[in-house]
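Visitor: Got a sequence here, can you model it:
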Amino acid sequence: MRSKFDEQLSQLNDMLVEMGAMIEKSIKRATEAIVNHNKKMAKKAISHDKDIDQMEKEIEALCLRLLLKQQPVARDLRLISAALKMITDMERIGDQAADISEIAKFLIGKEYIINLENIPKMAELTAKMVTESIDAFVKRDLELAQKVIDDDDAVDELFDKVKEDVIKLIHDNPDNGEQAIDYMMVAKYFERIGDHATNIAEWVVFSITGRHVGEEISADIGS
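Guide: This is a model prediction of the structure:
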């Protein structure tokens, strides 16, 4: 019975890695769409969101089968519960990549009046956070999970720089307000992706330690 359970846990890891790769690809496509006016990439990121939603459903179904049929012990129960929470954040990342791509479609053909240098930086960092948070889960790597949590500060700093750029742009020329707001929304979506990656990493911490990030007293059970 345990060998079957371990086999399904391995399948769960593989599916999470696959879903992580899917959302990383969506982030990259959304970035290409917004930075280079790439309508093809925008459409791919938007349509790809349906595949991410389907993967979430498949992982959820596997987790429920594990819970209902395998009667996991405390440590395994934490792991499966964390996976269920993680895929919710992962699905939201896919949604936000699609939202960025929708804005990119709207901006295609319009000359940028804004320096986009901080957007690719946010995209690269958040995509890395997503990948590392999934790796931390699969490898049971507490240090890597903490690194992802710490990296969110850098995403927030980049977002603050974007806000400063937007405020200056509108101050210098209020007619630029519409594009400035679009730029701000794109940055906000990337900032949210960073938040979701952080949530994933925090669930990894819970799955390993039995306690939530910030708790003073260990609730570790069955380890």
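
Visitor: Next up, identify which helix or strand Ser10 is on.
Guide: helix 2-36 (DSSP states H and E).

Visitor: what are the ranges of the strands in this structure?
Guide: Applying DSSP state E to the chain gives no strands.

Visitor: what separates Ile103 from Asp160, distance-wise?
Guide: 20 Å (CB to CB, to the nearest Å). Glycine gets a C-beta too; all of them are placed from N, C-alpha and C.

Visitor: These two - which one has more neighbours?
Guide: Just comparing Ile103 and Asp160: by other CB atoms under 10 Å the higher neighbour count belongs to Ile103, 18 against 13.

Visitor: Show the contacting residues for the more buried one.
Guide: By CB atoms under 8 Å, 6 or more residues apart in numbering, the residues touching Ile103 are 34, 182, 185-186.

Visitor: Generate a PyMOL selection restricted to the buried subset of those.
Guide: Here is the PyMOL command that picks out the buried ones among the contacts of Ile103, judged by 16 or more other CB atoms under 10 Å:
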select buried, resi 34+182+186
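
Visitor: coming back round to it: what mean pLDDT does the helix holding Ser10 have?
Guide: Across helix 2-36, the average pLDDT comes to 92.

Visitor: Under the pLDDT cut-off, which ranges of the protein? List them.
Guide: Within the chain, the stretches with pLDDT under 70 are 1-2, 70, 215-223.

Visitor: same thing but 90
Guide: Applying pLDDT under 90 to the chain flags the ranges 1-8, 67-76, 108-117, 165-166, 168-180, 210-223.

Visitor: now the helices: where do they sit in it?
Guide: Using DSSP state H, the helices assigned to the chain run over residues 2-36, 39-69, 74-107, 118-139, 142-172, 177-209.

Visitor: Run a quick check on Leu66 versus Gln8, I expect a contact.
Guide: Yes - when contacts are counted by CB atoms under 8 Å, Leu66 is listed as touching Gln8 (5.7 Å).

Visitor: Which of those two has more residues huddled nearby?
Guide: Leu66 (21 against 17).

Visitor: And the more buried one, how far from Ser81?
Guide: According to CB to CB, Leu66 stands 10 Å off from Ser81.

Visitor: so who does Met55 touch?
Guide: For Met55, the contacting residues are 15, 18-19, 22, 87, by CB under 8 Å, 6+ apart.

Visitor: Buried subset of those as a PyMOL selection?
Guide: Buried members of the contacts of Met55, identified by 16+ other CB under 10 Å, are gathered into one PyMOL selection as follows:
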select buried, resi 15+19+22+87
